[in-house]
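J.: Sequence plus the predicted model coming up.
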Amino acid sequence: MCIMGMCVCVWFAIVTPHTEMGIKWHQFVRNDDVWRLTGQPKLTAIVQSRHLNLSGHIVHMDNNADAKRILLALPPEDWRRPRGRPRITWLSIIQQDLRSHNLTLPEAMDMTQNWFLWRMWLMCDTMQS
């Protein structure tokens, strides 16, 4: 997602609940209080859920699919990213998301085999955050 798109998402996630509740800018109501009152999940929880949802699709792909091979491959030991580029990979983001839920990658891959259980876990997890 581009920077502009991310800014629009953050603005929409913050401003919309305030305006729906009739909260004016001068009332100084904390965002956490608004999210608690509206029951809207935090934007970070939604993004994390989408990451994990995509990882479920990737796991179900054929092992010869280019997308699966590219996203699940580890870079060679001697390979380095160009200067200024982040060291983080898509797989490390997924592992970080899973770690926050006390799951490992192999456990999550096993859980995705039961598609109904995986979808229910994702939905419940997003609503709790």
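T.: Happy to help now that I have it.

J.: Mind pulling up the pLDDT for the spatially most central residue of the chain?
T.: In the chain, the centroid-proximal residue (Cα atoms, centre = their mean) is residue 48; its distance is 1.6 Å. With respect to pLDDT, residue 48 scores 87.

J.: and the next element down the chain from the helix or strand that contains it?
T.: Element membership of residue 48, judged by DSSP states H and E, is helix 43-60. Of the helices and strands lying after helix 43-60 in sequence (DSSP H and E), the nearest is helix 66-72.

J.: still on that earlier bit, list the contacts of the nearest residue in space to the residue nearest to the centre of the chain that is not next to it in sequence.
T.: Using Cβ to Cβ, 6 or more residues apart in numbering and skipping residues adjacent in sequence, the residue nearest residue 48 is residue 97, 4.9 Å away. The C-beta positions use only the backbone N, C-alpha and C, and glycine is treated the same way. Shown in contact with residue 97 (Cβ atoms under 8 Å, 6 or more residues apart in numbering): 48, 51-52.
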